[in-house]
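1. 3D, please:
(one chain, ligands or ions: 1)
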Amino acid sequence: MTFKSETSAVPSIVLNDGNVIPQLGFGVFQVPAEDVFQTVTTALEMGYRSIDTAAIYGNEEGTGRAIREFGLPRDEIYVTTKLWNSDQGYDSTLRAFDASLDRLGLDYLDLYLIHWPVAVADRFVDSFRAFQVLKSQGRIKSIGVSNFTIAALQRIITETGEIPAVNQIELHPRFAQEELREFHAANAIATEAWSPLGQGTVLDDNAVAAVAAAVERTPAQVIIRWHLQLGNIVIPKSVTASRIAENFDVFGFELTPEQMAAISALDSGARIGPDPATFTAGLVN
Ligand code: NAD
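-> Residues are numbered from 1 along each chain as shown. Model prediction:
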């Protein structure tokens, strides 16, 4: 099996196309372009084997350089990037893909995601058709979406005949996305959690602190463990080496069903990010 570092026991999730993705990866949203080479290198040194970036993060170049210079065979690191909203549409998706791959300095992607549906523009089906062509050419291993609602997922499935491998969505204890996770499970779509720590906001919660004390782990480790035990793919972010290591050290303990339930009880339906049904940043004409 690829993606296993010598020291880690990161499980793999098998996607609906037969490819595997490490269940725990590393996200680089808001990591400045000038820092990202060092940050990704640190994550790879700690044992992470999956890196999540996006064209709009402006840090694909340093991310790709860190991956290439780390020196592992290409197929031992899982690389995800995302199509930005302004590039949706069939031809523009093909061009945006080439540009992302160029910036990363790679010759294929493991996973390409439509970053947001931007349903009002009505271009996500055409974008996904371009993804299908790129996949058939071997330039993307798996194709998926991000921030897709059930309605948008249903349109992709009906109109392209293909079920996205992954939907990467905001998901953390305060916004647990039960309905969408059930839809994913029923349709063999893997759930990937973004802002899995609620961008740090969930870490001060008393219920999390109580579980952390009981298992003698940190709040961040407990929340990552909650995701893993729910079956989510999870991509926490930090630029601090000690936290990057802490967030990866989550395989030596388990939460009991009661501890899982105590964390799940924090769901208040409160999202941090934009509502995918109405988010149109980058929309042109
Ligand atoms: P996150 O939930 O991973 O939180 C990151 C923040 O939590 C850090 O900046 C830090 O402040 C804090 N933190 C991290 N580890 C900690 C620790 N061990 N102890 C204490 N504090 C800690 O938030 P995120 O960066 O928004 O999300 C993770 C990744 O998800 C991103 O980097 C990106 O790759 C992806 N993402 C995707 C989308 C999307 O629209 N698809 C949107 C947002 C994020």
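
2. give me the beta-bridge partners of the residue of the chain found nearest the ligand?
-> The ligand sits closest to G27 of the chain, with a gap of 2.4 Å, by Cβ to the nearest ligand atom. Backbone N, C-alpha and C define where each C-beta goes, glycine included. As for beta bridges, G27 partners with D52 under DSSP bridges.

3. Next one, pLDDT for the closest residue to A281 other than its chain neighbours please.
-> The shortest distance from A281 to any non-neighbouring residue, by Cβ to Cβ, 6 or more residues apart in numbering, is to N85 (6.0 Å). According to the prediction, N85 has pLDDT 98.

4. what's around N85, how many residues?
-> Other residues lying near N85 total 23 when counted by other Cβ atoms under 10 Å.

5. for I77, same thing?
-> As a burial measure, I77 scores 24 neighbours (other Cβ under 10 Å).

6. Equivalent analysis for T278, please.
-> 9.

7. try the one 4 residues further on
-> Neighbour count of G282, defined by other Cβ under 10 Å: 15.

8. ok so A193 is a helix residue?
-> No: counting by DSSP: H, G, I helix; E, B strand; the rest coil, A193 is located in no helix; its state is strand.

9. Report the contact partners of Q132.
-> Taking Cβ atoms under 8 Å, 6 or more residues apart in numbering, we find Q132 in contact with 143, 160, 162.

10. out of these, which are inside strands?
-> Judged by DSSP state E, the contacts of Q132 include I143 as members of strands.

11. quick one: which of the contacts of Q132 is nearest to Q229?
-> Closest to Q229 out of the contacts of Q132 is I143 (27.2 Å), distances taken as Cβ to Cβ.

12. Make sure the closest one is actually in contact with S127.
-> No: assessed by Cβ atoms under 8 Å, I143 is found out of contact with S127, at 10.0 Å.

13. From G198, how far off is the residue of the chain closest to the ligand?
-> 13 Å (Cβ to Cβ, to the nearest Å).

14. which of the two has more neighbours?
-> Using other Cβ under 10 Å as the criterion, G27 and G198 rank with G27 on top: 25 against 21.

15. Get me the contact residues on the protein for the ligand.
-> Taking Cβ under 6 Å from any ligand atom as the measure of proximity, the chain contacts the ligand at 27-29, 52, 115, 146-147, 168, 194-200, 203, 220, 235-238, 243, 246-247, 273.

16. again, 5 Å this time
-> Proximity of the chain to the ligand is confined to 27, 29, 52, 146, 168, 194-197, 199-200, 220, 235-238, 243, 246 under the rule Cβ under 5 Å from any ligand atom.

17. residues in contact with the residue of the chain closest to the ligand?
-> The contact partners of G27, by Cβ under 8 Å, 6+ apart, come to 52-53, 194, 235-237.

18. can you do 10 Å?
-> 43, 50-54, 57, 80, 168, 192-196, 234-238 (Cβ atoms under 10 Å, 6 or more residues apart in numbering).

19. Which residue ranges of the stretch 51-200 of the chain form strands?
-> Along the stretch 51-200 of the chain, counting by DSSP state E, counting those that start in this stretch, strands occupy 78-83, 109-114, 140-146, 166-170, 190-194.

20. In TSV: those strands, plus mean neighbour count.
-> Shown next, in TSV, are the strands of the stretch 51-200 of the chain (neighbours: other Cβ atoms under 10 Å):
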stretch	mean neighbour count
strand 78-83	26
strand 109-114	26
strand 140-146	24
strand 166-170	25
strand 190-194	25
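
21. So for the closest residue to G138 other than its chain neighbours, what's the pLDDT?
-> Closest residue to G138 apart from its sequence neighbours, by Cβ to Cβ, 6+ apart: Y108 at 6.5 Å. Confidence at Y108, expressed as pLDDT, is 98.

22. Run a quick neighbour tally on W84.
-> 19.

23. Touching, it and Y112? I think so.
-> No: using Cβ atoms under 10 Å, W84 is not in contact with Y112; the gap is 11.8 Å.

24. which regions of this structure sit below the pLDDT cut-off?
-> Scanning the chain for pLDDT under 70 picks out 1-2, 4-8, 284-285.

25. can you give me the helices in it?
-> For the chain, the helices defined by DSSP state H cover 33-46, 60-70, 90-104, 124-136, 150-160, 178-187, 206-215, 219-230, 241-248, 257-264.
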